[in-house]
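In: A predicted structure for the sequence below; I have some questions about it.
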Amino acid sequence: NKGLLYKGHKIVPYCPRCGTALSSHEVAQGYKEVEEESIYIRFKVLGREDTYFSAWTTTPWTLPSNVALCVNADEDYVLLKIPRDVDGSEKDIYYFCAKALVNPVFGKSAEILEIMPGSELVGMKYEPILPYAFNTVKQIEKDAWYVVSDPFVTLTEGTGIVHIAPAFGEDDARLGRENDLPFVQLVNLDGTFPEDVTDFAGVFVKDADKSIVAKLERDGKLISSMDFTHTYPFCWRCDTALIYYARTNWFIRMTALRDQLMETNSCINWIPESIGKGRFGNFLESVVDWVISRERYWGTPLPIWTCLNKDCGHQIAIGSIAELKELSDNCPDDIELHKPYVDEVHINCPKCHGLMKREQEVIDCWFDSGAMPFAQYHYPFENREQFDLTYPADFISEAVDQTRGWFYSLHAISNLLFGQNTFKNCIVMGHVQDKDGIKMSKHVGNVVDPWDIIEKEGADAVRWYFYVNSQPWLPSRFSGEAVNETKRRFMGTFWNTYAFYVLYANIDKFDPLQYKLEYNKLGVMDRWILSRMHSLIREVDTRLEKYDILYAARALQDFTDELSNWYVRRNRERFWGPDMPQDKINAYLTLFTVLENLTLLSAPFVPFTAETIYQNLIGKRIQGAPESVHLADFPEYREDRIDIELEQQMKL
């Protein structure tokens, strides 16, 4: 209804193994560093003896589909001579090359004979570098194998002359349209070469690169080659190298929402802030239209029906099962909305009364994940009030790679439908590495099974390690030893302090409900630890409000250390006496109060440990207490119980 959905013929990242296009945010998740061969090659100029256009490419597999060369009309080019004694040729060889790139490509032995603007090369014809496209071009009846110009050609690398294959690149496709070049796509849907490419038929294109280079060398068309390392996209599902391939797909016009996406992003509290302004913000700034369709068997069917009458072609986007049943004569009452069943449902065209059938594609699964906030409630068909209460979400969290995955799909769909962000706060998580800071890999053999550590150390220990180890957005070095150490420093100390209280309280049959903590009768150590407790509650509450997990957890850890190694250690004698004087009662009440609040305060961090201590300390002993620590109120600090001067003196 908003005119943002369209069907188009575009160059898309394509997985030949899965047989489907991928969206830009899917592609962003699968980049790897690879070493491949780049080549300098020569195209024979027609009508000039021993003269060639020099070009550079990192994708030899696209050369069978070459139909043009491109220069920059406003840059200077040269005709240069390579003397026969330089490269072992029987005669002098002449090349066209950008003036600024002569030395990097040909070295100092090249002799410049003539300088001209790139515009003078436009229209010059050349021989195809490989012979496989002749039949295709002949059938299309369009001119091919000549020089065109465009400003996209830069002089930062290569020769300033770019080989053009309109089926395999966005700029190439645009130049193909603008110059009416023949569309030659000598690659099958499965990523192999067709029979027309006789020397490499049936070979996967990326596997054929080295063989193509070898043929070029045998044919005298290779100037030089070199290995180079770069990042290349792989399918996030199956790990197959992607190719950029011309396909007809359905798109959502996200470029029309670029400004809105960036504006609503500024309303999100990103932790860290640099992700929102940097990685995610930059991605939105360069957003492209979303390839929403997938050529797969399983998935959410694209709900678009098209009239089969070629003179009509009317299309309808179905918005509900009720609408589908209303428009169709053969829709079952218990319709199964997945393929192949939904494909059997036909609609009578309201324009020409012809037959309408569903478009065969399914929807990008990232659309499903991004639709979660409302899809989980079957909104807008029901649960409107529940949806309104929870939207936008207060908080979400995922790993940093989801800036171009789930975070983006959530943000994109929310802006498409509601014109706003779908979440208010987001903690971006770093990846978990092995103990040496190396990415975990089954191949390397350094994967740490979290269940082994959970079985040995407990789930709370694993949680606590990630809280106090580093800021959540930084990579974490994970090992059983590291988990055990952080567990000992906080949970071990917490438990030992609790055990100390229980031991002596049981000996003395101390019941905290029989006494009242009278603050004005407390000694300096009791007032100090209670002041520290209230300061801790204030700090943890303040930091959690700001989603500062690291320093909230470290504050708990530091306080627990002070409680055990300073307060308890210097007050043990008060618990040892045989009678129950007021000073002993004060010590018990103070320690009980601190343990009670520490248990409540730590419950969100170490839920199992806190629950165990709560049940033994409070839940099973105090009538009317909430049955779980997680049903109890979060503790509140009292400003009048915080004595900053006393805390500072104790530090001395």
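Out: On my side now, so go ahead.

In: what about residue 52, which SS state?
Out: Of the three states, residue 52 takes strand under DSSP: H, G, I helix; E, B strand; the rest coil.

In: quick one: contacts for it?
Out: 42, 43, 44, 45, 93, 94, 95, 96 (C-beta atoms under 8 Å, 6 or more residues apart in numbering). Where you see a C-beta, it was placed from the backbone N, CA and C, and this is true even at glycine.

In: bridging residues for the third one?
Out: In this case it means residue 44. residue 52 (DSSP bridges).

In: still on that earlier bit, show me how to select, in PyMOL, the buried members of the contacts of residue 52.
Out: Entered in PyMOL, the line below selects the buried ones among the contacts of residue 52, by 16 or more other C-beta atoms under 10 Å:
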select buried, resi 42+43+44+45+93+94+95+96
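
In: If we only consider the contacts of residue 52, which is nearest to residue 238?
Out: Nearest to residue 238 among the contacts of residue 52: residue 43, at 35.8 Å, using C-beta to C-beta.

In: lowest average confidence, helix or strand, in the chain?
Out: Ranked by mean pLDDT, DSSP states H and E, the weakest helix or strand in the chain is helix 84-87, scoring a mean of 68.

In: The helix or strand that comes right after that helix: partners in the sheet, and parallel or antiparallel?
Out: Using DSSP states H and E, the helix or strand that follows helix 84-87 in sequence is strand 93-98. Strand pairing for strand 93-98, using DSSP bridges, gives strand 51-57 (parallel), strand 76-82 (antiparallel).

In: ok now strand 93-98, how far from the chain's centre?
Out: Distance of strand 93-98 from its chain centroid, counting by C-alpha atoms, centre = their mean, to the nearest Å, is 44 Å.

In: mind exporting the very next helix or strand once past it as PDB, just the C-alpha atoms?
Out: Where DSSP H and E defines the elements, the next helix or strand beyond strand 93-98 is helix 102-106. Below are the C-alpha coordinates for helix 102-106, written out as PDB (Å, rounded to 0.1, in the frame of the first residue of the first chain):
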ATOM      1  CA  VAL A 102      52.000   2.900 -15.900                       C
ATOM      2  CA  ASN A 103      54.800   2.400 -13.400                       C
ATOM      3  CA  PRO A 104      52.900   0.100 -11.000                       C
ATOM      4  CA  VAL A 105      51.800  -2.100 -13.900                       C
ATOM      5  CA  PHE A 106      54.600  -2.000 -16.500                       C
END
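
In: what comes into contact with helix 102-106?
Out: So helix 102-106 is contacted by 40, 54, 56, 78, 80, 82, 95, 97, 110, 112, 159, 223 (C-beta under 8 Å, 6+ apart).

In: Buried ones in that helix, by neighbour count?
Out: Applying 16+ other C-beta under 10 Å to helix 102-106 flags 102, 105, 106 as buried.

In: Give me the mean pLDDT for it.
Out: Averaged across helix 102-106, the pLDDT comes to 92.

In: partners of the helix or strand following that helix in the sheet?
Out: Next along the chain after helix 102-106, taking DSSP H and E as the criterion, comes strand 111-117. Using DSSP bridges, the strands paired with strand 111-117 are strand 76-82 (antiparallel).

In: how about the strand it pairs with: buried residues?
Out: Buried-residue list, strand 76-82, by 16+ other C-beta under 10 Å: 77, 78, 79, 80, 81, 82.

In: for stretch 170-189, same thing?
Out: Buried, per 16+ other C-beta under 10 Å, within stretch 170-189: 172-173, 175-176, 179, 181-188.
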